[in-house]
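Colleague: generate coordinates for the sequence data below:
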Amino acid sequence: MASGEMALAMSGRHPCVVGSLATIFADCGKPVDAEALYEELVARARRSYVQPSQLAIAASAADKKDEAIRHARIAFETRDAAIAQFGLGLPPGPDVFIHWPFNARLHKYLRFRELLSVSARTKIPKIAD
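Modeller: Numbers count the residues shown, from 1 in each chain. A predicted model of the protein is given here:
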């Protein structure tokens with residue numbers, strides 16, 4: 001846990017680190033700490049941009065299933081750059097991120113897997129050179 005707190009300090013409490021640490025706390029049986037970190041991101045999102053993918057990961061760590069799905073849906077709809085980590089079949093491969101520990105809770109949710117399936121079939125337009 002001390003390493004996680006150090007990572008928060010070194011990153012300036014970057015949302016990616018906050019969401020990751022929320023997952024670590026949840027995995028270590030500290031749901032109150034996981035929820036506090038999720039609430040920190042929600043509060044920050046009221047004042048500045050926080051990637052919905054990071055909100056989804058932190059919400060799932062805080063065992064807030066409906067909120068996690070809502071954030072994930074927004075991540076897909078807004079083409080959040082970090083959705084690739086959800087496992088869309090993009091490089092480095094479709095199965096790599098399914099087993100990534102920070103996504104594991106999301107992948108347990110049927111509604112998330114359905115959302116992922118629909119999003120994977122949606123063509124993402126190429127940006128012209």
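Colleague: show me how far the host helix or strand of residue 113 is from its chain's centre.
Modeller: For residue 113, the host element (DSSP states H and E) is helix 110-121. Offset of helix 110-121 from its chain centre (CA atoms, centre = their mean, to the nearest Å): 15 Å.
Colleague: against which helices or strands is it packed?
Modeller: When contacts are defined as 3 or more CB pairs under 8 Å, 6 or more residues apart in numbering; DSSP states H and E, helix 110-121 packs onto helix 65-77. Every C-beta, even on glycine, is put in place using the N, C-alpha and C of the backbone.
Colleague: distance of the residue nearest to the spatial centre of the chain relative to residue 77?
Modeller: Central residue of the chain (CA atoms, centre = their mean): residue 57, 2.8 Å from the mean position. Per CB to CB, to the nearest Å, residue 57 is found 17 Å from residue 77.
Colleague: now do residue 115
Modeller: For residue 115, the distance to residue 77 equals 10 Å [CB to CB].
Colleague: so these two - more neighbours on which side?
Modeller: Higher neighbour count among residue 115 and residue 77: residue 115, with 19 against 12, using other CB atoms under 10 Å.
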